[in-house]
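> just the structure for this:
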Amino acid sequence: MIRTTLLATAALFISLPAFAQEVAQADEDSMEIVVTAQKRTERLQDVPVAVSVVGGAQLERLGAQSLENAQYLVPALNFRKSGTAINQSLYLRGVGTATFSIAGEPSVSTVLDGVVLSRAGEAFTDLVDIERIEVLRGPQGTLFGKNASAGVVNIVTRRPGTELGGFAEGGFFFNNGNEYRVRAGIDVPIGENVRTRLLGFYSDYEGNIFNDAPGVNRRVNGWQRYGFRAVVDADVSDTVTATIIADWRRANDDCCAEVIGTQPTGVAALALAGINFQGDETRTVRHNLVTRTEEESWGLSAQINAELGSHTVTSITAYRNYKNREIREGDWIAQPIAGVPQLHDDGPQTGHTFTQELRLTSPADYAVNYVLGAFYYHAVTDRTFTRNVIQCGAAPTPLAIVPCGSAGAEPSTFPSGSADFGSVFDNVAVFGQANWNITDSIRLIGGARYTIDNLSVDHIRRSPLTGPGIAANFDQGVFNSVAPGLINGTPAASNGVPFRTQTSDTDLSGKLGVQADLSNDTMAYATWSRGYKGPAYNIFFNLSASGTNVIDSETVNAYEVGLKNSLFDGRLIVNIAGFYAKYKNFQANNPDLIEGVVVTRFTNAGDVSTRGAEVDFAIRPVRDFNINGAVAYTDARVDQFNAPPGATVVPAGTPLGYAPKWRASLGMDYTVRTGGFADVQVALQGSTQSSQLSLFDANPVVRAQGTIGAYSLLNGTIALLGEEDKWKLSFVANNILDKSFAAAITNGGPGGALRYLIPREADRYFGLTARVNF
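Down below sits the predicted model:
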């Protein structure tokens, strides 16, 4: 059986550069691949599911550090960068969830070694020792659960080898802030039946933005990260195997500084004088508080596979612990001055998740083969968020910089607020999916999942002095004293008892489909699936009584057709897929203004839909030469918008955020077999996309200002490969064309300016890596 999957889908993204190293093949000119998209091992061309798989070798060759880099390899996948690292999110086929609430879940589920992660932010870690990343597109609720209404990103790490061996790797990246990386791993068999793998990693990156504030004067948007992973594979008996995985990681990131990309007005313009405001080409900030994230996470999981007659029973038990402290600059200038109050946030968050999955899998050669299972999920999150403000009156006339505390300033006041809030998710589900082989060439597909969701939340805010971005006290007494016309009750009725509420829901999701082998080389399929994402609350710092309503569950009905072709003895793969999905009660952030600060309100935004087509191809004309490409057309838009009270309706037909209509990738790699001390490998990888909306707003002018323009990237690698893969020396060039672009554009900056998030990939940079295998 082929253990490593490097590529798959009904709308396949192919990572052929990794094939030569990672896929065992009977015929080296063929591209026979095996995938596990339906929780069983199957031949790629037999799977009626849209799933893209990127191999770990390709990620390593391009110097990819996280899922943010992986988006350039999968056209249907997009990444939303945020001013706070924990609130970043993934989008598939134009659909995702962005929220600051700790009581909302993503639409794209992230899974690490079979374990569901409670928040997408937990998955944005270093991609170290990765075997593959599987990206399942479209609703996957039948097999993967409630928070997979747009798809699943499944990360699979490498497993221990059967012989003593390992690797050591060092890297240096430069020309856009210096980065140092060190990684090492070792496989240690313990007897005939137990295999172990230990891995450690460290990376240190200066950052791509310069902070010129007095007392700072250095690069930011970098990181320092380190951790380890330990894996034990054991053959407990002839019929039982077990895998135990433990991992620990710590990160100190000074991410994500937002540059001011447009000219501010008023006194803010004076405070930021000297910065060249050039939109997405701006690379300077002036922050006296360095926005940063301190993060620590660890997890332990145990997977047991046991043969029960001809069937297989699988149990996956896991516990994960996650701590995150975000410190954020909220006024974007170097000091508090008259007319621009200083606004600084500090928000430590803790959470833990327990999951248990149990599955029964029948043999694949049964006339009716099936997967049956049960799942339990318990996730607890708590956060303490503090906002401190310094203000000293309005800007003087004529405009001048008057620092708070100076002789010309009004007396300073120090508004402050602190909130403690939490959420508890409990989810129980039973599920099953079956394939009925009604003939040798036609199969019917059916599946269902019954889900029970319970969600409880609590919140209390204490505000000794209100001010910009700080609402008055909020607790159970304030909530109970709410009167008509008041959005925050009667603050004088505060009783110091946290506000609490809860909700629950049940759902029956499912999947129906048919697939037919039109020939030995061509398979066609058509499927319908219903996805579901459970209820939510908008639990964040400035919660008010008007925002305590439950956010109803999100549902989707999706349709997909596909044609998968493997031609010329497997040397050419061409796959085509078309899709349409309609989302009801779409959970999304909408712009809002609270206490003079632009925020987003998590609501049921209304009905949205996405439709499109994906074409993918891979060619291996000769051994050691691979060409691959993928094109995705996605039209994701508003059908009917539900505006928050007092807000303007977003017109029907408005594109969804982070949903470019066109995305494409094209890659090639060629290995020259020299017969000497080293072979030479050359690889190029390009990606392109059309413009995308970053500011989802009812105002067309604001939407235009918040549109990220089209851009293209070209990356390349040249490497020397030692005999029998004993060593490798690589030179990487990323963004060779030096194309600047923004990952996100946000309004609400000082003096009415727009804020831009600039990723590292928006500048050309280079890297050298050396690896020794033993």
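
> partner strands of the longest strand that the chain contains, with direction?
Looking across the chain with DSSP state E, the single longest strand is strand 597-622. Here strand 597-622 has these sheet partners by DSSP bridges: strand 572-594 (antiparallel), strand 625-641 (antiparallel).

> for it, the averaged confidence score.
Mean pLDDT, strand 597-622: 85.

> next, the buried residues of that strand.
Neighbour counts over strand 597-622 (16 or more other C-beta atoms under 10 Å) mark 597, 599-612, 614-620 as buried. C-betas here are computed from N, CA, C, even on glycine.

> now do stretch 255-275
Of all the residues in stretch 255-275, those buried under the rule 16+ other C-beta under 10 Å are 255-262, 264, 267-272, 275.

> so which of those are in helices?
Of these, the ones assigned to helices by DSSP state H are 267, 268, 269, 270, 271.

> which residue is the nearest non-sequential neighbour of the second one?
Yep, that's residue 268 we're talking about. Nearest residue to residue 268, sequence neighbours excluded (C-beta to C-beta, 6 or more residues apart in numbering): residue 751, at 3.2 Å.

> I figured the one you found hits residue 262, correct?
No. Using C-beta atoms under 8 Å, residue 751 is not in contact with residue 262; the gap is 9.3 Å.

> so what's in contact with these two at the same time?
With contacts defined as C-beta atoms under 8 Å, 6 or more residues apart in numbering, no residue is shared by residue 751 and residue 262.

> all helices of the chain, in order?
Going by DSSP H, the chain shows helices at 19-22, 56-61, 67-70, 141-144, 267-271, 476-480, 700-705.

> okay, the residue nearest in space to the middle of the chain: pLDDT?
By C-alpha atoms, centre = their mean, the chain has its centre lying nearest to residue 90, at 3.8 Å. For residue 90, the pLDDT comes out at 90.

> what about it, distance to residue 449?
21 Å (C-beta to C-beta, to the nearest Å).

> over to residue 481?
From residue 481 to residue 449 the distance is 42 Å (C-beta to C-beta).

> the two - which one has more neighbours?
Taking other C-beta atoms under 10 Å, residue 481 and residue 449 do not tie; residue 449 has more neighbours (25 against 17).

> okay, and the beta partners of that one?
residue 431, residue 509.

> would you confirm that it contacts residue 430?
Yes. Between residue 449 and residue 430 a contact is recorded at 7.2 Å, counting by C-beta under 8 Å.

> give me the number of residues near residue 163?
A count of nearby residues for residue 163, using other C-beta under 10 Å, gives 9.

> quick check, it in contact with residue 188.
No. Assessed by C-beta under 8 Å, residue 163 is found out of contact with residue 188, at 9.7 Å.

> coming back round to it: so what's the residue nearest to residue 268 up against?
So, once contact is read as C-beta under 8 Å, 6+ apart, residue 751 ends up touching 264, 265, 266, 267, 268, 269, 340.

> just residue 344 next, same as before
289, 327, 328, 329, 330, 331, 387, 388, 389 are the contacts of residue 344 under C-beta under 8 Å, 6+ apart.

> state the pair within the residues you listed that is farthest apart.
327 and 389 (15.1 Å; C-beta to C-beta).

> okay, the two: which has more neighbours?
Remark: of residue 327 and residue 389, residue 389 carries more neighbours, 22 against 17, as counted by other C-beta under 10 Å.

> who does the more buried one bridge with?
On the basis of DSSP bridges, residue 389 is bridged to residue 343.

> what pLDDT is listed against it?
The per-residue pLDDT of residue 389 was computed as 97.

> okay, strands next: where are they in the stretch 651-774 of the chain?
Assigned by DSSP state E, counting those that start in this stretch, the strands in the stretch 651-774 of the chain fall at 662-672, 678-689, 692-693, 707-708, 711-722, 727-734, 744-746, 755-757, 765-773.

> just checking, what packs against the fifth one?
If I follow you right, that is strand 711-722. Strand 711-722 sits against strand 678-689, strand 727-734, with contacts defined as 3 or more C-beta pairs under 8 Å, 6 or more residues apart in numbering; DSSP states H and E.

> make JSON lines from those and add mean pLDDT and mean neighbour count to it.
Listed next are these as JSON lines, based on pLDDT from 0 to 100; neighbours: other C-beta atoms under 10 Å:
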{"stretch": "strand 678-689", "mean pLDDT": "96", "mean neighbour count": "19"}
{"stretch": "strand 727-734", "mean pLDDT": "96", "mean neighbour count": "19"}
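
> in JSON lines: those, plus distance to residue 628.
Below are the helices and strands packed on strand 711-722 laid out as JSON lines (distance: least, C-beta to C-beta, whole Å):
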{"stretch": "strand 678-689", "distance to residue 628": "9"}
{"stretch": "strand 727-734", "distance to residue 628": "18"}
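
> so which of the ones you listed is nearest residue 218?
Taking C-beta to C-beta, strand 727-734 is the member of these nearest to residue 218, at 22.9 Å.

> and residue 537, how far from residue 72?
34 Å.

> scratch that, residue 115 is what I was asking about
In this view, residue 115 and residue 72 are 26 Å apart by C-beta to C-beta.

> likewise for residue 176?
16 Å.

> repeat that for residue 755.
Residue 755 is 23 Å from residue 72, by C-beta to C-beta.

> any chance you could map the strands in the stretch 1-150 of the chain?
Secondary structure of the stretch 1-150 of the chain (DSSP E, counting those that start in this stretch): strands located at 7-8, 13-14, 34-35, 42-43, 51-55, 77-80, 89-92, 95-96, 108-112, 115-116, 130-137.

> skip the chain neighbours and tell me the closest residue to residue 611.
Spatial nearest neighbour of residue 611, chain neighbours left out: residue 580 (4.3 Å); criterion: C-beta to C-beta, 6+ apart.

> bridged to that neighbour, which residues?
With DSSP bridges as the rule, residue 580 is bridged to residue 559, residue 611.

> quick check: which ranges of the stretch 251-400 of the chain have low pLDDT?
The model of the stretch 251-400 of the chain has no residue with pLDDT under 70.

> who does residue 666 form a beta bridge with?
Bridge pairing for residue 666 (DSSP bridges) gives the partners residue 629, residue 686.

> does it touch residue 686 like I think?
Yes. Residue 666 lies in contact with residue 686 (C-beta under 8 Å); the separation is 4.9 Å.

> can you tell me how far the residue sitting furthest away from the middle of the chain is from residue 104?
Here the chain reaches farthest from its C-alpha mean at residue 407, the gap being 48.8 Å by C-alpha atoms, centre = their mean. Per C-beta to C-beta, residue 407 is found 48 Å from residue 104.

> what pLDDT does residue 83 get?
What the model reports for residue 83 is a pLDDT of 69.

> check residue 9 too.
32.

> shaky segments in the stretch 501-650 of the chain?
590-600, 644-647.
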